[in-house]
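Asks: what's the 3D shape of this:
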Amino acid sequence: MTIKTPILPSKQQFAKRPNQPHELDLEAICVFMATGFFMGRDTYWKDEVCLLPGHHHTIDDAGFLVNSEPWFQWHYRPRDLSFEATLAEYIQLLTTITTEQVGNQPVILPLSGGLDSRSQALILKGLDNPVHAFSYSFEGGYPEHRIAKHIADVCGFGFESFSIKPGYLWDCIDDLAQINGCYSEFTHPRQMAVLPQLKAMTGVFSLGHWGDVLFDRGAPEATTEADILPLLFKKMVKPKGLELAEQLWQHWDLAGSFKDYLVGRIETDLAAIAIDNVSAKVRAYKTSQWAHRWTTTNLRVFEAAHPITLPYYDNRMCHFICTVPEAYLADRRLQLAHLQQDSALSGITWQDHRPFNLRNYGYNKAPYNLPYRVWAKLQREVQAVLGSSYVQRNWELQFVGSENEQALKRRLFQADFHQFIPKHLVHDTYQHFLKTDSVHYAHPVSMLLTLSQWYTQNRGSL
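Replies: Purely as a prediction, here's the structure:
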């Protein structure tokens, strides 16, 4: 059997790896702890691989991977086209892909305050499909759903808003672990909090994942070839995740140093990308690693409710990106120019530049943004005085507060789990989260929670 994987797969596929023992891949698990995703073909096991994107894979009757050959290589061959011609081609391509993907079915559109889903809304606005949009905001956080509702109203879509409440994770963590296979930590897919409501909707999802990476700079403007490795390392690795990974590396008595191992992995994968342009090379690396092994993992949550479509994941979109001059992709130029053709949509607040919109976001700098910054800070302080903290991060809903702490500790401090991860390491990490630096230690705590859940489900195989 031959499996041809897309350039950006919407789901991960796995195969057996021949001539390998059924043992834990401890090096891969350390990378997972440091970054939040598995790299390349890695899985929890030495005898199992995740099929690489953009490859032809030969699988034998027993499910073993016999051979893999790439059918696509990321490249950068910009065409000599004007910005206006490129914009027209982008709009036509996004329209064609979206039209083909949704067919004549009703569309379910998750809306945010950014550009990707707003770009989809502009395309869907011109189609005949009924569209039901939705958005969610953290309880006690920024009301992102208000921007989304404004977009939906302008486009004539039905709309539903949800408030993501503290502690929702503990009612659905077992289901989430089954859905994503514990290949991603559990604090990010907030759609799990409203999965029953999503299942009650009708249609196919149109998801805007990865548009923000494809249609922006791959790297800061002044980045040189020598800067790529440290840049990627800094973006990939969570500082306290690195600390946890190094502790596990030493506990498992693995050869060499973890940091050297991870740097070597990044260097090897970078060397396989034959692109001279720094920005394009970094984007290609991110897409082949992050998109495939992190972003794609939690698409299965949406798929648990309804079929999914992803216009930015389409092979044609990836081929298109390889031919667009970096100057046209930088700073979201194509998406902004597309949206600025609609005065109503472009006049709605851009969340990343609030309170400014897509036409005046250039004023999001001092002194023009000072009144809003002062007002927002005052609002947070008043909220704190009234006894409710301002929620900005996913983990704050799941880990903060007495009930959350009790549920988290029940998962982290299971006696069986400490046969896998030593109790003192779990205890020290959790105490740092509680007393030292909750913002940065939230990542290793979340990764330990993921390992605990995975271990509970798989201990019979160990």
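Asks: what residue is smack in the middle of the chain?
Replies: Thr295 (3.6 Å; C-alpha atoms, centre = their mean).
Asks: Next up, the contacts around that one.
Replies: With contacts defined as C-beta atoms under 8 Å, 6 or more residues apart in numbering, Thr295 is in contact with His209, Trp210. From N, CA and C alone the C-beta is placed, and that goes for glycine too.
Asks: Please apply the same query to Thr5.
Replies: Contacts for Thr5 were tallied using C-beta under 8 Å, 6+ apart; they are Gln13, Leu51, Leu52, Pro53, Gly54, His55, His57.
Asks: quick one: pLDDT of the first one?
Replies: In the prediction, the pLDDT value recorded for Gln13 is 96.
Asks: what's the closest non-adjacent residue to it?
Replies: For Gln13, ignoring the flanking residues on the chain, the nearest one in space by C-beta to C-beta, 6 or more residues apart in numbering is Leu51 at 4.6 Å.
Asks: Return the set of buried residues in stretch 396-414.
Replies: By 16 or more other C-beta atoms under 10 Å, the buried positions in stretch 396-414 come out as Glu396, Leu397, Gln398, Phe399, Val400, Asn404, Ala407, Leu408, Arg411, Leu412, Gln414.
Asks: residue boundaries of the strands in the protein?
Replies: Along the chain, the stretches classed as strands by DSSP state E are 2-4, 14-16, 48-50, 55-59, 65-70, 107-110, 131-138, 158-164, 204-206, 308-309.
Asks: For the second one, which helices and strands make contact with it?
Replies: It stands for strand 14-16. The contact analysis (3 or more C-beta pairs under 8 Å, 6 or more residues apart in numbering; DSSP states H and E) places strand 14-16 against strand 48-50.
Asks: Partner strands of the strand it packs on, with direction?
Replies: strand 14-16 (antiparallel) (DSSP bridges).
Asks: what comes up buried for the strand it pairs with?
Replies: If you call a residue buried by 16+ other C-beta under 10 Å, then strand 14-16 has these buried ones: Phe14, Ala15, Lys16.
Asks: any idea which of those is closest to Gln340?
Replies: Ranked by distance to Gln340 (C-beta to C-beta), these are led by Phe14 at 43.2 Å.
Asks: Would you mind naming the residues that pair with that closest one in a beta bridge?
Replies: Cys50.
Asks: pretty sure it is touching Glu48, no?
Replies: Yes - Phe14 is within contact range of Glu48, at 5.7 Å (criterion: C-beta atoms under 8 Å).
Asks: got a winner among the contacts of Thr5 for most neighbours?
Replies: Highest neighbour count within those, by other C-beta atoms under 10 Å: Pro53, with 22 neighbours.
Asks: residue contacts, that residue?
Replies: Pro53 neighbours (C-beta under 8 Å, 6+ apart): Thr5, Pro6, Ile7, Leu8, Pro9, Ser288, His292.
Asks: next one: Ala62
Replies: Going by C-beta under 8 Å, 6+ apart, Ala62 touches Lys16.
Asks: How much space separates it from Glu48?
Replies: Counting by C-beta to C-beta, to the nearest Å, the gap from Ala62 to Glu48 is 13 Å.
Asks: Between these two, which contacts overlap?
Replies: In terms of C-beta under 8 Å, 6+ apart, Ala62 and Glu48 are both contacted by the residues Lys16.
Asks: Going along the chain, name the helices of the stretch 201-350 of the chain.
Replies: Secondary structure of the stretch 201-350 of the chain (DSSP state H, counting those that start in this stretch): helices located at 211-214, 228-236, 239-251, 258-271, 278-286, 299-303, 315-321, 326-329, 333-339, 343-346.
Asks: picking up where we left off before, using a markdown table, please lay out the buried residues of stretch 396-414 together with distance to Tyr142.
Replies: As requested, those are exported to a markdown table (distance: C-beta to C-beta, whole Å):
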| residue | distance to Tyr142 |
| --- | --- |
| Glu396 | 13 |
| Leu397 | 13 |
| Gln398 | 18 |
| Phe399 | 19 |
| Val400 | 17 |
| Asn404 | 21 |
| Ala407 | 25 |
| Leu408 | 25 |
| Arg411 | 29 |
| Leu412 | 29 |
| Gln414 | 35 |
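Asks: Filter these down to just the ones in helices.
Replies: Judged by DSSP state H, the subset of those located in helices is Glu396, Leu397, Gln398, Phe399, Asn404, Ala407, Leu408, Arg411, Leu412.
Asks: Out of these, the closest to Met201 would be?
Replies: Leu397 (22.8 Å).
Asks: what sits against that closest one?
Replies: Listed by C-beta under 8 Å, 6+ apart, the contact partners of Leu397 are Phe138, Glu139, Ile164, Lys165, Pro166, Gly167, Tyr168, Leu169, Thr187, Arg190, Val391, Asn404.
Asks: so how far is Met192 from it?
Replies: Distance, Leu397 to Met192, using C-beta to C-beta: 11 Å.
Asks: what sits in contact with each of these two?
Replies: Contact criterion C-beta under 8 Å, 6+ apart; residues shared by Leu397 and Met192: Tyr168, Leu169.
Asks: Look at the closest residue to Ala407 other than its chain neighbours and report its pLDDT.
Replies: Spatial nearest neighbour of Ala407, excluding adjacent residues (C-beta to C-beta, 6+ apart): Trp170 at 4.3 Å. In this model, Trp170 is scored at 96, pLDDT.
Asks: tell me the contacts of Trp170?
Replies: Neighbour list for Trp170: Gln398, Asn404, Ala407 [criterion: C-beta under 8 Å, 6+ apart].
Asks: leaving aside the residues next to it on the chain, what's closest to the second one?
Replies: Right, the one you point to is Asn404. Spatial nearest neighbour of Asn404, chain neighbours left out: Gly167 (5.4 Å); criterion: C-beta to C-beta, 6+ apart.
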